[in-house]
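Participant: Okay, sequence plus prediction incoming.
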Amino acid sequence: MRDLIIIGSGPAGLSAAVYAKRAGLDVLVIEKDPVSGGQILITYEVDNYLGLPGINGFDMGMKFREHADKLGAEFAEGTVTAIETVDPGSDSKAPTFKVITDNGEYETKTIILATGASHNKLGIKGEEEFTGKGVSYCATCDGAFFRNKVAVVNGGGDVAVEDAIFLARGCSKVYLVHRRNELRAAKILQDELLSLPNVELVWDSIVEEVKGDAKVSSITVKNVKTDEKKEIETDALFVAIGIHPLTEAFTGLAEMDETGYIIAGEDGATSTPGIFVAGDSRKKRLRQIVTAVADGANAVTAVQDFLVGK
Ligand code: FAD
């Protein structure tokens, strides 16, 4: 019986592992992928993490994992498919948990869910090939690489419009491609967007293909009303059509919002005592490495309080 099982070894899970080892907890980290690091592994360059400007995402993931290894954190490979609550019996205070993976089962007193989130993809030709070479899912993260260049944002909600406004501050030109003829974003955001001289809206259109050589050089868009196709020369395509948390396996275990984000405050405590959440799968405003790392540390502090019955 472990004190703590952490599910996921992205920035949140690895930060939690470091704090748990330093707190002397008997902790196991379960990760489905062969390499730790989570989403940052596919990030070419991270330029907004304090003290490590311009670090390659893969190198950062390795550094985070090395830190946890150095403190003796134990790792197991496997995809967690379910968590069962184990009846505490008459003399025990709190229920314990059985974590079921495709590679074995583990028992624990507490759990930190740190399974992160994944950006929705367009599923079009060239998207995967040019990810990290002009195709991005995060304007806050990658926008600065396209200063004085042309960028296209695809989407019509708050995030897409915020991304276009953010990019317009540094890019020479920003196109916003949206499949409808009106935006879903808040009116105040729309007004700001429409006031920007270097933003052009491409209505009723979808992105069909990303083209380039070593990097993105253009995209093909299709007007869904007329079927007319055109090329837009661009250095970047920011896909902002939503993200989804990887929390399906935990449905019914802890309270979630309608899109599957687990509801918890800064301490990560979910609606189920003993189950905590950290990182991108928590319902929160800003999903970044720095907030994931902070979540991991906060969740371990809450786990410690829980274990001593505070
Ligand atoms: P993740 O990084 O998603 O890690 C979750 C881990 O859980 C993964 O390793 C996954 O394999 C594992 N997992 C999931 N489900 C299971 C399961 N059922 N069983 C076992 N393991 C499981 N942020 C910045 O601050 N700066 C940037 O420059 C930046 N650039 C980005 C660029 C891109 C392309 C992307 C996609 C994101 C970027 N981000 C950036 C966001 C940042 O990567 C995330 O906020 C951060 O990785 C979240 O950490 P996390 O640990 O919560 O989740």
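Facilitator: Noted; the coordinates are in hand.

Participant: For Phe145, give me phi and psi.
Facilitator: Main-chain torsions, Phe145, degrees, to the nearest 10: phi -70, psi -10.

Participant: do the same with Phe250
Facilitator: Backbone torsions for Phe250, taken as degrees, to the nearest 10, come to phi -110, psi 10.

Participant: Can you give me the neighbour number for it?
Facilitator: 24 (other CB atoms under 10 Å). The way it works is simple: take the backbone N, C-alpha and C, and place the C-beta from them, glycine included.

Participant: isn't Asn103 right up against Phe75?
Facilitator: No. Asn103 lies out of contact with Phe75 (CB atoms under 8 Å); the separation is 11.9 Å.

Participant: Which one of the two is surrounded by more residues?
Facilitator: Shown here are Asn103 and Phe75; by other CB under 10 Å, Phe75 has more neighbours (17 against 14).

Participant: can you pull up the bridge partners for the more buried one?
Facilitator: Beta-bridge partners for Phe75, by DSSP bridges, are Val29.

Participant: shift numbering so it begins at 463
Facilitator: Got it, the first residue is 463 from now on, which makes the last one we talked about Phe537.

Participant: Would you mark the buried spots in the helix ranked longest in the chain?
Facilitator: The single longest helix within the chain, with elements called by DSSP state H, is helix 751-769. Within helix 751-769, the residues that qualify as buried by neighbour count (16 or more other CB atoms under 10 Å) are 751, 753-762, 764-766, 768-769.

Participant: ditto for stretch 525-534
Facilitator: For stretch 525-534, the neighbour count (16+ other CB under 10 Å) marks Phe526, Arg527, Ala530 as buried.

Participant: export it as PDB, just CAs?
Facilitator: This file holds the C-alpha atoms of stretch 525-534, laid out as PDB (Å, rounded to 0.1, in the frame of the first residue of the first chain):
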ATOM      1  CA  LYS A 525      15.700  17.600 -17.000                       C
ATOM      2  CA  PHE A 526      12.400  17.300 -15.100                       C
ATOM      3  CA  ARG A 527      12.600  13.500 -15.100                       C
ATOM      4  CA  GLU A 528      16.200  13.500 -14.100                       C
ATOM      5  CA  HIS A 529      15.300  15.600 -11.100                       C
ATOM      6  CA  ALA A 530      12.700  13.100 -10.000                       C
ATOM      7  CA  ASP A 531      15.000  10.200 -10.600                       C
ATOM      8  CA  LYS A 532      17.800  11.800  -8.600                       C
ATOM      9  CA  LEU A 533      15.500  11.900  -5.600                       C
ATOM     10  CA  GLY A 534      14.700   8.200  -6.100                       C
END
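
Participant: Please list the residues outside that stretch that contact it.
Facilitator: Ser471, Pro473, Leu476, Ser477, Ala479, Val480, Lys483, Arg484, Val491, Ser498, Gly499, Ile517 (CB atoms under 8 Å, 6 or more residues apart in numbering).

Participant: I am finished for the moment; much appreciated.
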